[in-house]
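Asks: no sequence on hand, only this structure:
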């Protein structure tokens, strides 16, 4: 979800005028799932989601895949490949 969010936001920023609004809006909406996971785990939502967004943004800028996500039990950022989630 965060990878899609970051990609949509970046695409939206590259556009001009009213064309960018849908990209940014859907990008923000895609953050609901990681935000909800963090909230349900009882961790600092702002800190965890910001850190997750930053990791995905760096990977996107470097044309790399980012498999980092939120562990739904602990709220920690983990490599989803280690959990068999793609």
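Replies: Now that the structure is in, tell me what you want to look at. Source: prediction; values computed, not measured.
Asks: centroid-wise, who is the farthest residue in the chain?
Replies: Here the chain reaches farthest from its C-alpha mean at residue 17, the gap being 24.2 Å by Cα atoms, centre = their mean.
Asks: residue 85: which element?
Replies: Assigned by DSSP states H and E, residue 85 belongs to neither a helix nor a strand.
Asks: ok, back up a step: check what pLDDT the residue farthest from the centre of the chain gets.
Replies: Note for residue 17: predicted pLDDT of 90.
Asks: for the one 4 residues further on, same thing?
Replies: What the model reports as pLDDT for residue 21 is 93.
Asks: can you check the one 5 residues further on too?
Replies: Note for residue 26: predicted pLDDT of 95.
Asks: what's downstream of the helix or strand encompassing it, the next helix or strand?
Replies: Counting by DSSP H and E, the element that carries residue 26 is helix 20-29. Next helix or strand after helix 20-29 toward the C-terminus (DSSP H and E): helix 32-41.
Asks: over that next one, what's the mean pLDDT, rounded is fine.
Replies: 95.
Asks: what's it packed up against?
Replies: Applying 3 or more Cβ pairs under 8 Å, 6 or more residues apart in numbering; DSSP states H and E, one finds that helix 32-41 contacts helix 45-61, strand 68-70. Placement of C-beta: from N, CA and C, glycine included.
Asks: okay, these, which one's buried deepest?
Replies: strand 68-70 (a mean of 22; mean count of other Cβ atoms under 10 Å).
Asks: next one: that strand to chain centre, how far?
Replies: Between the centre of strand 68-70 and the centre of its host chain there is 8 Å, according to Cα atoms, centre = their mean, to the nearest Å.
Asks: go on, stretch 42-49?
Replies: With Cα atoms, centre = their mean, you get 13 Å for stretch 42-49.
Asks: residues in contact with it?
Replies: 31, 34, 35, 38, 39, 70, 75, 76, 77 (Cβ atoms under 8 Å, 6 or more residues apart in numbering).
Asks: spatially nearest residue to the fifth one, not counting backbone neighbours?
Replies: The one in question is residue 39. residue 45 (5.2 Å; Cβ to Cβ, 6 or more residues apart in numbering).
Asks: and the residue lying closest to residue 41 once chain neighbours are set aside, how many neighbours does it have?
Replies: Once flanking residues are discounted, residue 41 sits nearest to residue 75: 3.2 Å by Cβ to Cβ, 6+ apart. Neighbour count for residue 75, taken as other Cβ atoms under 10 Å: 19.
Asks: understood, closing this out.
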